[in-house]
Each structure stands twice: as C-alpha cells, then as structure tokens.
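Chemist: For reference, the sequence and a predicted model appear below.
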Amino acid sequence: MTRRILLRVLRFSFVSVMSLVPLPFGQAQVYRVTTLPTLNGGKATRHNPNVAYAINESGQVTGVSAGEAVVWTPGSGVQDIGHNSCLGCAPVGGINDQGDIVGLGDAGGFLWTKSGGIQPLGTSSQPSGVNHSDQVTGSFFVGPNQDSHAFLWSPANPVLQDLGTLGGTFSFAYGINDSGEIVGFSETRDGGELTFLWTASTGMQPITAELNAAFAINNQGQVAGVSGSDAVIWTQAQGIEDLGVLPGTLGSWALAISQRGTVVGNSWTQRPGFVFFWSPSQGMVNVNTLSKNKQQNWSAVGVNSAGQIVANKKGGNVLLLTPVIAVAVSSSQNPSEVGQLVTFTATAGSVAGPPPDGEIVTFTDSGTVLGASPLASGTAVFSTAGLSAGKHRISASYAGDVNYAQSNSKILKQVVQ
C-alpha cells in the first residue's frame, strides 16, 4: 500500500476500542463526548455524513456537513462557510487558531477567512494545512504527467510555490507549523520514498529513513508519524521517540499532535484498530477507557492543547471529546479553631494537564462565596480566619472556558472548634 493510499485510509478508517487502564484523578469520566450537529438540522447518515478534518486551539472543528464545507464553533453550532465540498475527493483540510480554513471543493483548493470569505488556491490544489499567518501547504499537479508536488501558498506570495521533490516524480505535504516548517513525504531518485522537512532556509530535506510517515508538525518542531509499525514523535534534537502500541494490537499510527506534544492516532490489529491518546506523563491510553460513552467504529483526526479530540464515527457522526476538569479541595488545618487562619487549596486538572494559568476558582461555604483565586499550574489558594464555630461545607468551583466546562469539587467538611 503506498502512502498516498494510506492517507485516505487513515482519514476515513473507523476503529473500535479496547483495553482497560486506570482512570486518572479517580474519575468515572475523563472525557465528555458531544455529537456535533448537522448543517441542515437533520440526522447524519452514512450516505450524508458529517466528516471532520481538523481542530484548533479554541475547539473549532472544520469539515463537511450536508455536502458543504463547515466550521463547528463551541457555543455557536455549525456554520456553512459558503463553499461546496468535494466529497469524492481526497480528504484534506485544516483550520488555524483564528478560525481560517483550508479545504477542497469542486473547483479545487480554497482558503476561507471570516473577513475575506473564499479565496481560490487553484483547481489542482489539495490543501492539507494552514498556519497562523495563513500560509497554506498541500499538494498540486504539475507538468505534462500531472505529477503531485508539495506546495506552499501565502498571502504575501499568492501563488502555488512548488516545493519540489527529493529527486523523484512526486511529493505530498501533510502539515505546517507557525514557523512555516512543512512535513510530508517524497519519492526519491531511486524510486524509494522518504519523509521530508521543508524550511524556507534549507528547502526540502529528508528526515530519516527510519521515519516512514510524517503526518503533522507542531510549533516546537515535534513531528507525529510512524516508524516501522509504531507511532512515534520525531525531533531534530532527539530523533525518534517510540510511543508504543495499545495492549493486544500489532502497530500504531500517530496522526495528530498538539502544541503541548500530546498525540492522537490509531493502534491496530489485522482489523481496523483502536483510538489512542498519548501524553508524556501517561503514555498511550485507549480513549474508550476515558469516557462513559463507549464508542465503536470511530477514528480520531485531531487534538488540541486542551486535550480535545475530534473523531469521525462510522455512520456519519463527528464526535468532539472534551476533557473533564477534576477539581479537589483540601484544608491546611481540619479541625481548626475560631480565629485561626485556614488555607484552602484547590487543584484542577485533566488527562491533558491543568487549565491555563489565571483562570478562576471560586471557594464557597454551603453555597456562600468565600472568595476567588486564579489558577497557577493547576492550583488555586484561598485563606481565611473568619470561619465561625461549627461545621462548614467547603467546595471549590472551576469557572470553565471556551474549551472546558465548569466543574465543582466534592464537599470538604471543615470543622471549626
């Protein structure tokens, strides 16, 4: 199977889930699963599917619904961006953190921005990614033989810049970061295939023969891909880091990587495989063990720094998985005495790590607000010497943000003597 075919399989393969691992934070649910709505308000089906391509840092998802290119935005639902999607074409597309979108329609590739609408990129272009500066990468057809070459397009130079090959006839670009670094693969002069890293200063350079596929690159230069039969992360400084496989499977693919360095992909057997989430602290975890809503026949296509995962499910639905923030509160002295200074410490975290610094935790006593404090590295602290004698029901509440829902701690029973 060539990698050109492999990419299509990866984007539309459907996986079930298996294996059991302990849940972090002692939670019954680590992920909350939301089925994203259809454009026409009807039911997504196998013949009229919702399909997701990518997710950004704000949890916006781009893809296709009711045959139209769309963006799903938390709190706003689904928006038609005014362009027919080419459902029979290669499954390509991307979204940056401003919500600018690239995709493929019947008239070729396009860039969509909220202020400027649709901008055609060329009838033969198949864009696969867009960065913060609206630089677009992908592949387009060149020459009399219509060979596929990786390209770079930018608002400053609005033409398809041919990135060339590693000596062969074709190349494909899959990912771009905010520095304009691009990864993909290319045929070599001897007819083989190698992954590449392209930069404006070096041009297209082979990465290593040990990296068999390079699907995404983050702003730290970490590349998600495949080496042999295992999902890996590659960096110029450290080389290849093997992420392993899920128990009972034969291999894995790393398909997307966040700015935090967390990875999602598939771990497979001889049949379609299983969705995983990988982090440096927890390693590779089966996503199905992290949610009350057990899924089958689904495939992850993107992950952001908040740990949100977007996945396509067989039958036509798009699922957005959002980490549940676990909040716990503790006391510096319990029981305490009247007039004694007591410090309450709240911790907030998820499978992807803590919420951003500066977000607010509110401390209450039987529903009455005691005070509020900002988070720092997942911890918020509040101190008081004003508790009266008796029993107090102390709780901490995380306010939530564009990615995470509001979350409360269990009640801490504080006794003041």
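Modeler: Looks like it arrived, so ask away. Numbering: from 1, shown residues only.

Chemist: Quick check, pLDDT for T269.
Modeler: Looking at T269, its pLDDT stands at 78.

Chemist: quick one, what contacts it?
Modeler: With contacts taken as C-beta atoms under 8 Å, 6 or more residues apart in numbering, T269 has the following neighbours: 248-250. Bear in mind the C-beta positions are built from the backbone N, C-alpha and C, glycine included.

Chemist: would you turn those residues into CSV with neighbour count, distance to S373 and pLDDT?
Modeler: Shown next, in CSV, are the contacts of T269 (neighbours: other C-beta atoms under 10 Å; distance: C-beta to C-beta, whole Å; pLDDT from 0 to 100):
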residue, neighbour count, distance to S373, pLDDT
G248, 11, 45, 87
T249, 21, 44, 88
L250, 13, 49, 91
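
Chemist: now the residues you listed in a markdown table, with secondary structure and distance to S258?
Modeler: Formatted as a markdown table, the contacts of T269 follow (DSSP: H, G, I helix; E, B strand; the rest coil; distance: C-beta to C-beta, whole Å):
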| residue | secondary structure | distance to S258 |
| --- | --- | --- |
| G248 | coil | 26 |
| T249 | coil | 23 |
| L250 | coil | 26 |
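
Chemist: Please identify which of those residues is nearest to I118.
Modeler: T249 (41.4 Å; C-beta to C-beta).

Chemist: where along the stretch 1-150 of the chain do the strands fall?
Modeler: For the stretch 1-150 of the chain, the strands defined by DSSP state E, counting those that start in this stretch occupy 31-35, 51-55, 61-65, 68-73, 77-84, 94-95, 101-105, 108-113, 117-122, 126-130, 136-142, 147-154.

Chemist: re the thing from before, and which of the contacts of T269 is nearest to E187?
Modeler: Within these, distances to E187 taken as C-beta to C-beta reach their minimum at L250, with 27.2 Å.

Chemist: ok, now how distant is the residue nearest to that closest one when sequence neighbours are not counted from S252?
Modeler: Among residues not flanking L250 along the chain, T269 sits closest, at 5.5 Å (C-beta to C-beta, 6 or more residues apart in numbering). Taken as C-beta to C-beta, to the nearest Å, the spacing of T269 relative to S252 amounts to 11 Å.

Chemist: same check, this time on P323
Modeler: 21 Å.

Chemist: Grab the nearest non-local neighbour of the residue positioned nearest the centre of the chain.
Modeler: The C-alpha lying nearest the average C-alpha coordinate of the chain belongs to V303 (C-alpha atoms, centre = their mean; 1.0 Å). Excluding its sequence neighbours, the residue lying closest to V303 (C-beta to C-beta, 6+ apart) is V264, at 4.3 Å.

Chemist: Dig out what that neighbour forms beta bridges with.
Modeler: According to DSSP bridges, A256, F277 are recorded as the beta-bridge partners of V264.

Chemist: May I have the residues that are in contact with it?
Modeler: V264 touches 254-256, 275-278, 287, 300, 302-303, 309, counting by C-beta under 8 Å, 6+ apart.

Chemist: so what's the residue lying farthest from the centre of the chain up against?
Modeler: Among residues of the chain, the one most distant from the C-alpha centroid is Q417; the distance is 49.8 Å, by C-alpha atoms, centre = their mean. Residues touching Q417, when contacts are defined by C-beta under 8 Å, 6+ apart, comprise 335-338, 389.

Chemist: follow-up on the earlier one: for the residue nearest to the centre of the chain, name its beta-bridge partners.
Modeler: On DSSP bridges, the residues paired with V303 through beta bridges are I309.

Chemist: so how far is N293 from it?
Modeler: The gap separating V303 from N293 is 18 Å, by C-beta to C-beta.

Chemist: residue contacts, F277?
Modeler: Taking C-beta under 8 Å, 6+ apart as the criterion, F277 is in contact with 262-264, 284-285, 287, 290, 303, 307, 309, 351.

Chemist: Out of the residues you listed, which one has the lowest pLDDT?
Modeler: Sorting these by confidence puts L290 at the bottom, with a pLDDT of 86.
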